[in-house]
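> this one's sequence-less:
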Ligand SMILES: Cc1ncc(COP(=O)(O)O)c(C=O)c1O
Ligand SMILES: Cc1ncc(COP(=O)(O)O)c(C=O)c1O
């Protein structure tokens, strides 16, 4: 099935704004905003701005309604049982801190939290903080040579004291997609909760949190073609009802006195203060845009680009790909190291070719340690990418290697 | 000095977008966005979007630079000694939670945190949470009949165990501006830190944190004519250097292993994950806009509107103003109760006159308890308001009272 | 138009003070807060054979909440406690624009349907009722 | 153009391996990480009479960091340790577009001035030096 990339690009304002070659391959760091999301953001901020949840005048009521509709759209995209299971905040990092903090009281000294070696720091550090506060320990699922969770070795790290398993749904470095069913089954054997970091997976088609069987799911609007500054945390309703709040402030309370405060029911209990209203409305619009696409076609398109890139890289003897070399169970995220050329220099040189790549540790230092590299360059695909993007990368890389290696 | 309100309105896109009477008097809940901020937001999101702090390609470098410039503009507006003393996050509520959490380790059981009876919940609940975690207590400065901090009674609540004084710079209900110099002197007698909630004061002209002598200062972009979803926390440099992080995640670390994490220096240590980039750039533009205004003229303008409103309300026997009836040491925030008509009904009726007012407890329940009212209606002024706004309010209110009281 | 919201039926209902008092010996008492605005309804009930006998309410809230509480109190006597949850969900759906109100007189709230931020004002007394119905006998919440 | 950044002077400096080794008995050792990208510079120094005698460096970083470390090591011998802080701040100002570089050969970093995200790559070895100079004798950080 072929994809009309020009038609997709027409829905992303950034492309019209570029006057030089623009091969944007840094989608894992941030996606481009779709027109629908940009419109929702701008319309709210410049023609309909009012605070939500408290005002009764027309503008305030409209903002409150729009906010609820955005929540519903995001909930539908994630497959939540009800909109109120979705908590809105300022990003995936915030969402992961929220769930870590809210689950902390369930941890006793000696309990374990299981993450993995390929997690983003945002799904490691919050758990380390919580573990330190509660006297719990953090363990990590090892990673295979292919850059996948090594679930065959789960026994080594999952134990009777494991209370929480928190792993990514897809790696922001290797692109590997997690076998959630197997993890869920394993977590069940010890009664552990399963938290998924969906920051990378959510931009690649509808999520079904109930089919996945997880207990919580985090994602970030700016990677989902929404605006910067919003994110969502889904939590299974019955679990959510029991969780304590994270931030304190306006909108999350039932009753405040100087001595004592009681809290509102979810989702409000978890949404202190004025939310990032514009970015949330944009996230709602982006979720609707994402839900309306043909993901069979788009996923195929992204994987064909991945294949083209992987085979091009395979022809460069100095290049080592960190991640699966096949196309099964992976997304279009490809990290690679170039012998003799540092990732920053690769990315800097490629900029001259209009190619936007990310270089560094990608907030995944344990994974860099696992593969004993200091940094890698990374290309990551979105529906608006095409073969010209891949070819520009490969061409620029060949020239860079000639010049600097 | 008179103010050219039409010229100011021309700089706020919302006014051109209204096709019916629009008397926006809910500025204490959220201000309208200025064109400069809207442009910065839209330009970044639709033509220049890239993640900050990690990329080397042109777009990413430009975003990183713009982000640093926004930080510098906000720092300048607040009077910070250096841009890196300003931490960027998603709002004042977040900022207050951050500072509460970061100061928590300094509290021992039996220590006290001093807030006040007129605080916004966002400057009460975080301290209650921290106090509960550390075995500390929260006390409150009482409020006078005029709705001001009763600093004559400070002795009753400030003690040798008071470690932190956290009060608002200006009340979001009564409009009273805090006598910071007196509080600072009192805090010094017991060696307490002074945290100011500047959410309401910051939209009314440049702040000078060093002249105020506070240790930390929080403010919120959406009340400062920026976008929703950003806020800033200033912390005195030497104090900041010693504070532990709040959220964990990407961008705030120095080195992560599964066992142990070390943190980056400020401000990065306090900015986990992708920041709300668009809203921060808009906040920078708003800070520049605010800094460029003539605040002698604008403050006089806002107070003349306040005076007109207060004298109009004084002519309604059913109306009781909660707050100072004079113009000294106050901002243009006026809350009032109407005997026999609930605040929601007042606000609902006024909507028919195109008047946008807020009704409710304004996230200040302890203050409502202090004055024994369930809810009040509140009008709050910005530079773009004029006497027609005040007159529409007074006219609508008279008709509402006739109909419903 | 907001003025439509203050139609005669609503204003009259809100002024209906017949049940606006605490009961001396309620079987169940529930207080419900609207967390977003701090308004509060306290409902006292007596029960006989699983049916609601007497009702008293105390409202600290707007005209809509007062009218809803009065309308509830005027009609609820004799209703099976078990029906409270259905009543609440039908009223919620009605306000959301879906279907008729559970009782014809609640159609006075028609103008409120368009204003989402006021739905909770109307629902609050019915939420208190539903919560009371779920309580064990002699239950009390604060 | 990014290619300008990889001018001959920088590439040559980066390949200058003369001091790219750990010292056997340093008086001071400092490791500096770039928190944003994880790159790392380790600097070993020996001192004589408050002046820097020998330098060795180990760089895990990009060409710019390598070139900066090599340039530092090539020239620093004989400089008073107390000057390290000045050196760092002058280089930082130079990159920000303000004034000349502290040493003429550091003008090879001219093309880096326009790319803010790479400034830290050039500064890192000089930060390590400034930190080493602040240490008490025999100090060591990790
Ligand atoms: C005095 C005061 N503090 C804190 C806040 C909370 O700020 P934010 O809107 O950023 O959550 C507000 C506004 O709601 C306020 O008025
Ligand atoms: C896997 C993963 N988790 C979490 C995050 C953090 O999300 P945010 O950008 O919302 O801070 C990212 C992106 O940076 C990511 O790739």
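Perfect, I can see it now. From a predicted model like this one, the values you see are computed outputs, not experimental measurements. Numbering: from 1, shown residues only, chains lettered A, B, ... in the order given. Ligands and ions are numbered 1, 2, ... in the order given.

> Could you use CA atoms for every contact and neighbour count after this?
Will do.

> per-residue confidence at residue A:360?
Here, the pLDDT recorded for residue A:360 equals 93.

> which residue sits closest to it in space, ignoring its chain neighbours?
Using C-alpha to C-alpha, 6 or more residues apart in numbering or on different chains and skipping residues adjacent in sequence, the residue nearest residue A:360 is residue A:375, 4.4 Å away.

> residue contacts, the residue lying farthest from the centre of chain A?
Most distant from the centre of chain A: residue A:259, at 39.1 Å, with distances by C-alpha atoms, centre = their mean. Residues touching residue A:259, when contacts are defined by C-alpha atoms under 8 Å, 6 or more residues apart in numbering or on different chains, comprise B:128, B:138.

> before we move on, back to that, need phi/psi at the residue nearest to residue A:360.
phi -160, psi 160 (degrees, to the nearest 10).

> do residue A:360 as well
Main-chain dihedrals, residue A:360, degrees, to the nearest 10: phi 140, psi -160.

> how many other residues sit next to it?
As a burial measure, the neighbour count of residue A:360 was computed by other C-alpha atoms under 10 Å in any protein chain shown and equals 27.

> which residues touch the residue nearest in space to the middle of chain C?
In chain C, the C-alpha closest to the average C-alpha coordinate belongs to residue C:125, at a distance of 2.8 Å (C-alpha atoms, centre = their mean). Taking C-alpha under 8 Å, 6+ apart, we find residue C:125 in contact with C:32, C:41-43, C:65, C:68-69, C:72.

> from those, which has minimum pLDDT?
Across the contacts of residue C:125, the member with the lowest pLDDT is residue C:32, scoring 91.

> That one touches residue C:126, doesn't it?
No. Distance between residue C:32 and residue C:126: 9.6 Å, which falls outside the contact criterion (C-alpha atoms under 8 Å).

> Tell me which of these two has more neighbours.
Comparing residue C:32 with residue C:126 by other C-alpha under 10 Å, the one with more neighbours is residue C:126, at 27 against 22.

> element containing that one, please.
Taking DSSP states H and E as the criterion, residue C:126 maps to helix C:119-134.

> in that helix, what's buried?
C:119-133 (16 or more other C-alpha atoms under 10 Å in any protein chain shown).

> so where's chain C uncertain?
Chain C contains residues with pLDDT under 70 at C:1, C:137-142.

> Determine the number of other residues adjacent to the residue in it that chain A sits nearest to.
In chain C, the residue that lies nearest chain A is residue C:35 (4.3 Å; C-alpha to the nearest C-alpha). As a burial measure, residue C:35 scores 20 neighbours (other C-alpha under 10 Å).

> Pretty sure it sits against residue A:261.
No. Proximity of residue C:35 to residue A:261 does not meet the contact threshold set by C-alpha under 8 Å, at 11.6 Å.

> Common neighbours of those two, please.
With C-alpha under 8 Å, 6+ apart, residue C:35 and residue A:261 have common neighbours A:253-255.

> show me what contacts residue A:203?
Taking C-alpha under 8 Å, 6+ apart, we find residue A:203 in contact with A:223-225, A:290.

> Considering those residues, which possesses the most neighbours?
residue A:224 (30 neighbours).

> Can you name the residue of the stretch 1-150 of chain A nearest chain B?
Counting by C-alpha to the nearest C-alpha, the stretch 1-150 of chain A gets nearest to chain B through residue A:122 (3.5 Å).

> Give me the pLDDT value at the closest residue to that residue other than its chain neighbours.
Residue nearest to residue A:122 in three dimensions, not counting chain neighbours: residue B:249, with 3.5 Å by C-alpha to C-alpha, 6+ apart. In this prediction, residue B:249 carries a pLDDT score of 96.

> what helix or strand is the residue in chain C that chain D sits nearest to on?
Using C-alpha to the nearest C-alpha, the point where chain C gets nearest to chain D is residue C:36, with a distance of 40.9 Å. Under the assignment given by DSSP H and E, residue C:36 is not contained in any helix or strand.

> From residue A:253, how far off is the closest residue to ligand 1 within chain C?
Minimum separation of chain C from ligand 1 (C-alpha to the nearest ligand atom) falls at residue C:36, amounting to 12.8 Å. The spacing between residue C:36 and residue A:253, counted by C-alpha to C-alpha, to the nearest Å, is 8 Å.

> can you check residue A:148 too?
The value you get for residue A:148 to residue A:253, if C-alpha to C-alpha is used, is 42 Å.

> cool, residue C:32 as well?
The value you get for residue C:32 to residue A:253, if C-alpha to C-alpha is used, is 13 Å.

> Equivalent analysis for residue C:104, please.
35 Å.

> Name the residue in those two with the higher neighbour count.
Per other C-alpha under 10 Å, whichever of residue C:104 and residue A:253 has more neighbours is residue A:253, with 26 against 8.

> Enumerate the residues of chain C near chain A.
Chain C has residues C:33-38, C:115-118 near chain A, with proximity defined as C-alpha under 8 Å from any C-alpha of the partner chain.

> Just among those residues, which is most surrounded?
If you rank the residues of chain C next to chain A by neighbour count (other C-alpha under 10 Å), residue C:37 sits at the top with 25 neighbours.

> how far away is that one from residue A:153?
Residue C:37 sits at a distance of 53 Å from residue A:153 (criterion: C-alpha to C-alpha).

> and what of residue A:393?
Distance check for residue A:393 against residue A:153: by C-alpha to C-alpha, it reads 36 Å.

> Please name the strands paired to the helix-or-strand element of chain A with minimal mean pLDDT in the sheet, noting orientation.
Least confident element among the helices and strands of chain A, by mean pLDDT, DSSP states H and E: strand A:253-256 (a mean of 90). Strand A:253-256 sits in its sheet next to strand A:261-263 (antiparallel), going by DSSP bridges.

> got the buried residues for the partner strand?
Residues of strand A:261-263 classed as buried under the neighbour-count rule (16+ other C-alpha under 10 Å) are A:261, A:263.

> again, but for stretch A:168-183
Buried positions in stretch A:168-183, judged by neighbour count with 16+ other C-alpha under 10 Å: A:168-178, A:180, A:183.

> Same question for stretch A:101-120.
Of the residues in stretch A:101-120, A:101-104, A:107-108, A:111-120 count as buried by neighbour count, 16+ other C-alpha under 10 Å.

> Can you report how many residues neighbour residue C:28?
By the measure other C-alpha under 10 Å, the count of residues near residue C:28 is 23.

> separation between it and residue C:115?
Separation of residue C:28 from residue C:115 (C-alpha to C-alpha): 32 Å.

> Please enumerate the strands of chain C.
In chain order, chain C shows strands spanning C:28-33, C:40-48, C:51-60, with DSSP state E as the criterion.

> For the ones you listed, give me TSV that also has distance to chain B.
Formatted as TSV, the entries for the strands of chain C read as follows, by distance: least, C-alpha to the nearest C-alpha, whole Å:
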stretch	distance to chain B
strand C:28-33	12
strand C:40-48	9
strand C:51-60	7
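
> Dump these to JSON lines, plus distance to residue B:329.
Compiled in JSON lines, these are given as follows (distance: least, C-alpha to C-alpha, whole Å):
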{"stretch": "strand C:28-33", "distance to residue B:329": "35"}
{"stretch": "strand C:40-48", "distance to residue B:329": "34"}
{"stretch": "strand C:51-60", "distance to residue B:329": "33"}
